[in-house]
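Q: what follows is a predicted protein model with its sequence.
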Amino acid sequence: MTQFDPEQLLRSLVEHEVEFCVIGAVAAWLQGNPAVTFDLDVMPKRELENAERLAAALNALGARRPTGNATAELEGTDFLGWQTQRFETTAGPVDVVPHAAAIGGFEDVATIELSLGDLAVRVITIEDVIASKEELGRPKDTAALPALYATREALRRARGR
Amino acid sequence: MYPLASVVRKLRLSTGLSQRAFAARAETSQPAIARYEVGAATPSWQTLERLAEASGRRVEISVITIPEPHDVELAEALLKLTPLERLRTLARYARLRELAALR
């Protein structure tokens, strides 16, 4: 199993100037949600030029689809159609999720900017993470909600509300 | 979530009106507004709706799950780290899982 290194994944995306935000469990973790995950979900802006930058960022990490046996160089056109796709990389798995239930796409989601050392990364708000999980309603999403509600409460306390 | 007294006061302040003028708009009395705002009395549901309407709002009720205190503590502990520290902690957890899987 490739060691999950979210910092390396995010660095590649930032250095290749991909317009994206972090969603899913890593977005929640970065805002205090105490639920561990081992893959990174990202939501890219749905533009061809951005898709090409995304392909370059993933290629730099040796991206390949889990069903493939060889490293396949990605191209921007691989993302047109904007379906959710999963890639194995040298820094762990990445899910590219152009559109998510209840929260929409890159242009729709509410985000905050987090400083990760020398990286500035946008992540969806904990409210949007919750909305997405509530909409999906799968058993694993429902199971994740109590911790997310607790995280929301912790954030409120931290902000003095 | 705010105590109801604070809600009533915020509604009035949002209008810029005195207690007397707000009371008139909401079809209640100034003494009643004064009592609501200090928590000495609780408005009825109908009164609360009129107070909200008097400030150009409406009342909505949402039922939320009470977070488990332990989960809140865990989140607060994680929030004491910087975002970068949280990210690196996640990577360390992933490494632990790998090591466990190798055994």
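A: Now that the structure is in, tell me what you want to look at. Numbering: from 1, shown residues only, chains lettered A, B, ... in the order given.

Q: who touches stretch B:94-103?
A: Judged by C-beta atoms under 8 Å, 6 or more residues apart in numbering or on different chains, the contacts made with stretch B:94-103 from elsewhere in the structure are A:1, A:3-5, A:36, A:38, A:92. The C-beta positions use only the backbone N, C-alpha and C, and glycine is treated the same way.

Q: also stretch A:29-36?
A: Counting by C-beta under 8 Å, 6+ apart, A:22, A:25, A:28, A:37, A:112, A:114, A:123, A:125-126, A:129, A:144, A:147-148, A:150-151, A:154-155, B:71, B:74-79, B:83, B:86-87, B:90, B:93-94 sit against stretch A:29-36.

Q: rewinding a little: in strands, which of the contacts of stretch B:94-103 appear?
A: By the criterion of DSSP state E, membership of the contacts of stretch B:94-103 in strands covers residue A:92.

Q: which single one of the contacts of stretch B:94-103 is nearest to residue B:46?
A: Within the set of the contacts of stretch B:94-103, residue A:36 lies nearest residue B:46; the separation is 48.6 Å, counting by C-beta to C-beta.

Q: phi, psi for the closest one please.
A: phi -70, psi 150 (degrees, to the nearest 10).

Q: low-confidence ranges, chain B, go.
A: Regions of chain B meeting the criterion pLDDT under 70 cover residues B:1-2, B:103.

Q: then residue B:22 would be within a helix, right?
A: Yes - remark: residue B:22 belongs to a helix, assigned using DSSP: H, G, I helix; E, B strand; the rest coil.

Q: I'd assumed residue B:32 was in contact with it.
A: No - here residue B:22 lies out of contact with residue B:32, judged by C-beta atoms under 8 Å, at a distance of 10.4 Å.

Q: need the longest helix for chain B.
A: The residue-count maximum for a helix in chain B (DSSP state H) belongs to helix B:83-102.

Q: what does chain A give?
A: Across chain A, the helix with the greatest residue count (assigned by DSSP H) is helix A:139-159.

Q: what does chain A put close to chain B?
A: Proximity of chain A to chain B is assessed by C-beta under 8 Å from any C-beta of the partner chain, with A:1, A:3-7, A:10, A:26, A:29-34, A:36-38, A:92, A:114-117, A:145-147, A:149-155, A:157-158 identified as the residues in range.

Q: residues of the longest helix of chain A that come out buried?
A: In terms of neighbour count (16 or more other C-beta atoms under 10 Å in any protein chain shown), helix A:139-159 has its buried residues at A:141, A:144, A:147-155.

Q: check residue A:121 and give its pLDDT.
A: Model confidence at residue A:121, expressed as pLDDT, equals 97.

Q: what strand or helix carries it?
A: Assigned by DSSP states H and E, residue A:121 falls within strand A:119-124.

Q: restrict that strand to CA atoms and write it as PDB.
A: As requested, C-alpha coordinates have been extracted for strand A:119-124 and formatted as PDB (Å, rounded to 0.1, in the frame of the first residue of the first chain):
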ATOM      1  CA  LEU A 119       0.600  26.100   1.000                       C
ATOM      2  CA  ALA A 120      -2.600  28.000   0.900                       C
ATOM      3  CA  VAL A 121      -5.500  25.600   0.300                       C
ATOM      4  CA  ARG A 122      -9.200  26.100   0.000                       C
ATOM      5  CA  VAL A 123     -11.400  23.600   1.800                       C
ATOM      6  CA  ILE A 124     -15.200  23.300   1.900                       C
END
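
Q: now for the first helix or strand past that strand going along the chain, which elements pack on it?
A: Next along the chain after strand A:119-124, taking DSSP H and E as the criterion, comes helix A:126-136. Helix A:126-136 makes packing contacts with strand A:20-23, helix A:24-30, helix A:139-159 when contacts are defined by 3 or more C-beta pairs under 8 Å, 6 or more residues apart in numbering or on different chains; DSSP states H and E.
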